[in-house]
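Colleague: With the sequence up front, the predicted model follows.
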Amino acid sequence: MRDSAPPKVSSSVPGRDPGVRLIIAYKLLKGAGGMTLALTLIALLLLHATSPLEAIGARVHLHFTGAWSVQLSRVLLSAAEPHHLWYVAVALLFDATLTLTEGWALHHGHWWGPWLVVASTSTLVPFEIVALVRKMRTSRLLLLALNLLMVAYLIWRTRKDTKEKRARLPL
């Protein structure tokens with residue numbers, strides 16, 4: 001009698017497209033960096049450590065007298081307030097968790113992985129366009145181009161893979 005156990009499925013997809021591998025590496029590295037930064041910031045806040053922004057803001061305020069330096073010191077001191085840093089830490093934590101989930105889903109070949117990346121990345125595009133219109137910066141333009149390229153590539157790749165799978169199915 002034959003064993004009816006289901007076949008084992010590997011945790012990663014062999015022969016994966018190089019573009020998808022690059023996106024996986026980017027997502028995992030970005031997620032790990034964001035998580036490290038978020039947890040470090042949370043640890044510093046829990047330890048009530050003095051923020052380096054406070055020290056920089058105080059030095060700018062003491063040593064420079066121009067209007068720009070006073071404004072800069074106010075921004076730095078405001079940003080260094082613990083309740084503002086908690087918002088930053090939580091936002092970093094959520095972003096890192098989502099980014100790591102995207103990389104994990106792509107790595108393990110889940111059908112919904114590319115669509116998660118497409119949805120989460122494309123929802124930020126309008127905000128990136130608004131930021132670019134308000135102030136043109138090369139870094140913003142490159143970020144927008146990278147995100148649009150990633151979205152277009154994953155849509156193309158996923159549709160191509162779906163067509164190939166359908167063509168292999170018996171009628």
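Modeller: All right, it came through fine. All of these numbers come straight from a predicted model, not from anything done at the bench.
Colleague: Tell me how many other residues surround the closest residue to Gly33 other than its chain neighbours.
Modeller: Nearest residue to Gly33 in three dimensions, chain neighbours excluded: Ala96, at 7.8 Å (CB to CB, 6 or more residues apart in numbering). Glycine gets a C-beta too; all of them are placed from N, C-alpha and C. As a burial measure, Ala96 scores 20 neighbours (other CB atoms under 10 Å).
Colleague: Is Ala96 part of a helix or strand, or is it coil?
Modeller: helix (DSSP: H, G, I helix; E, B strand; the rest coil).
Colleague: For it, list the residues it contacts.
Modeller: 30-35, 37-38 (CB atoms under 8 Å, 6 or more residues apart in numbering).
Colleague: His107 versus that one, what's the distance?
Modeller: Plainly put, Ala96 is 16 Å away from His107 if you go by CB to CB, to the nearest Å.
Colleague: follow-up on the earlier one: may I see the contacts of Ala96 arranged in JSON lines, with distance to Ala91 as well?
Modeller: What follows is those, written out as JSON lines (distance: CB to CB, whole Å):
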{"residue": "Lys30", "distance to Ala91": "14"}
{"residue": "Gly31", "distance to Ala91": "14"}
{"residue": "Ala32", "distance to Ala91": "17"}
{"residue": "Gly33", "distance to Ala91": "14"}
{"residue": "Gly34", "distance to Ala91": "10"}
{"residue": "Met35", "distance to Ala91": "12"}
{"residue": "Leu37", "distance to Ala91": "11"}
{"residue": "Ala38", "distance to Ala91": "8"}
